[in-house]
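>>> predicted coordinates and the sequence they were generated for:
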Amino acid sequence: MFDVPIAFVTFNRPDSARATFQCIQRLQPRTLFLISDGPRADRDGEAERVAQTRQVTDQIDWDCDVTRIYADDNLGCGRRISSGITQALQSVERLIVMEDDCVADASFFPFCQSVLDRYADDERVMAVSGNNFQQGRRRGDASYYFSKYPHCWGWATWRRAWQQFDLGIPDWPAFRDAGGLRSVCSSQREIQYWTEIFDKVHQGQSQSWAFPWTLATWMNHGLTVLPQVNLVRNTGFGEDATHTRKSNSTSNLPTCSIDQIQHPGWIVQDVDADQFTDNLVFSGTGGHGPLKRMERGFRKLRKSIRSKLS
């Protein structure tokens, strides 16, 4: 039996939910929260797919305290997941969160447990993630390093940290106007990238809960523990995904194991690692930032010119 409570988040993909739930079944957690959004009224067949996905967890054959946090109507990704996590953390102090498109190596769960135990009362650390996007680069000699990025494809946190979360990010304009991102970001390009994102979130133009969570950690000088190897694979890239519709350098990454956990001797952000991640995933040419958008714009322009000339 596994002592750390787990939240399993599902929606409308029974096959991917089944693969993730198999990891949880093998672990047999003592406490399990099942979080599910309701179907969208304008999507044919979605009510049936949501019901099929929920049925994946009907057969829990071990001694387990189960709480089902099911929405009758569709709340949207941001509201459903964040409110489900909030409800779960009202009754437990710490929580591992697994979405239905994330498949974890078996060592991910004891890794989270060890980190959650070690930093339970250290407010500098706000989360632990199973994701590593360093493409084989080691960052230090320990089993993990500290990052400003709270990657959330298989992750964990404490109630004390999640209390800083607010989906509507009401304090963002004041933080933005005071130049708060200058203490977090390494370049003007990165500041511009995140300003555009947080502006959209604040204006209600985003369904993401992960962006508000990122801002919550930054506004509280929080760090996230990231493993030296990738422990969780995201299998959810595709046309039926909510956010991850196109494959990229982070999709379907292979997983490795961490057998013996070696803790670092100090708690400090690895700036080089985060700059690498920014360039690969976020504001740089490998991510979705201004340079990447400019490249896509040039490609569309060339395609349009060719079509007119042909």
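Sure, I can see it. Quick caveat, the model's predicted, so the values are computed rather than measured.
>>> so, low pLDDT: which residues of the stretch 151-300 of the chain?
Within the stretch 151-300 of the chain, the stretches with pLDDT under 70 are 237-249, 287-300.
>>> now do the strands in it.
With DSSP state E, counting those that start in this stretch as the criterion, the stretch 151-300 of the chain has strands at 155-158, 223-227, 232-234.
>>> chain center to the longest one, what's the gap?
The reference is to strand 223-227. 12 Å (Cα atoms, centre = their mean, to the nearest Å).
>>> cool, and stretch 183-191?
Here stretch 183-191 is found 21 Å from its chain centre; the criterion is Cα atoms, centre = their mean.
>>> which residues does Trp155 contact?
Ile96, Val97, Ala127, Val128, Ser129, Gly130, Asn131, Thr224 (Cβ atoms under 8 Å, 6 or more residues apart in numbering). Backbone N, C-alpha and C define where each C-beta goes, glycine included.
>>> which among these gets closest to Phe165?
Using Cβ to Cβ, Ala127 comes nearest to Phe165 of the contacts of Trp155, at 10.7 Å.
>>> excluding its backbone neighbours, what's nearest Arg79?
Spatially, and ignoring its direct neighbours in sequence, Arg79 is nearest to Leu167 (6.7 Å; Cβ to Cβ, 6 or more residues apart in numbering).
>>> and the one you found, how many residues sit next to it?
Under the neighbour criterion other Cβ atoms under 10 Å, Leu167 is assigned a count of 19.
>>> before we move on, back to that, now for the strands of the stretch 151-300 of the chain, which one comes closest to Ala273?
Smallest distance to Ala273 across the strands of the stretch 151-300 of the chain (Cβ to Cβ): 7.7 Å, for strand 223-227.
>>> quick check: bridge partners of the closest residue to Ser147 other than its chain neighbours?
Distance criterion Cβ to Cβ, 6+ apart; nearest residue to Ser147, sequence neighbours excluded, is Leu226 at 4.7 Å. Going by DSSP bridges, Leu226 is paired in beta bridges with Tyr145.
>>> tell me how far Leu226 lies from Asp122.
16 Å (Cβ to Cβ, to the nearest Å).
>>> same question for Pro29.
Counting by Cβ to Cβ, the gap from Pro29 to Asp122 is 24 Å.
>>> those two - which one has more neighbours?
Pro29 (22 against 12).
>>> just to revisit the earlier point, check contacts around the residue nearest to Ser147.
For Leu226, the contacting residues are Ser129, Asn131, Asn132, Tyr144, Tyr145, Phe146, Ser147, Tyr149, His151, Ala273, by Cβ under 8 Å, 6+ apart.
>>> list just the nearest of these to Ser91.
Among the contacts of Leu226, Ser129 lies closest to Ser91 (Cβ to Cβ), at 23.0 Å.
>>> who are the neighbours in contact with the spatially closest residue to Asp105 that is not a sequence neighbour?
The spatial neighbour of Asp105 that comes closest, neighbours along the chain excluded (Cβ to Cβ, 6+ apart), is Thr255 at 4.2 Å. Going by Cβ under 8 Å, 6+ apart, Thr255 touches Val103, Ala104, Asp105, Phe108, Val229, Asn230, Leu231, Val232, Arg233.
>>> I'd say the third one and Pro227 touch.
Just to be clear, that refers to Asp105. No. Shown here, Asp105 and Pro227 do not form a contact pair, counting by Cβ atoms under 8 Å, at 9.7 Å.
>>> neighbour count winner among those two?
Legend: neighbour count by other Cβ under 10 Å for Asp105 and Pro227, higher for Pro227 (27 against 21).
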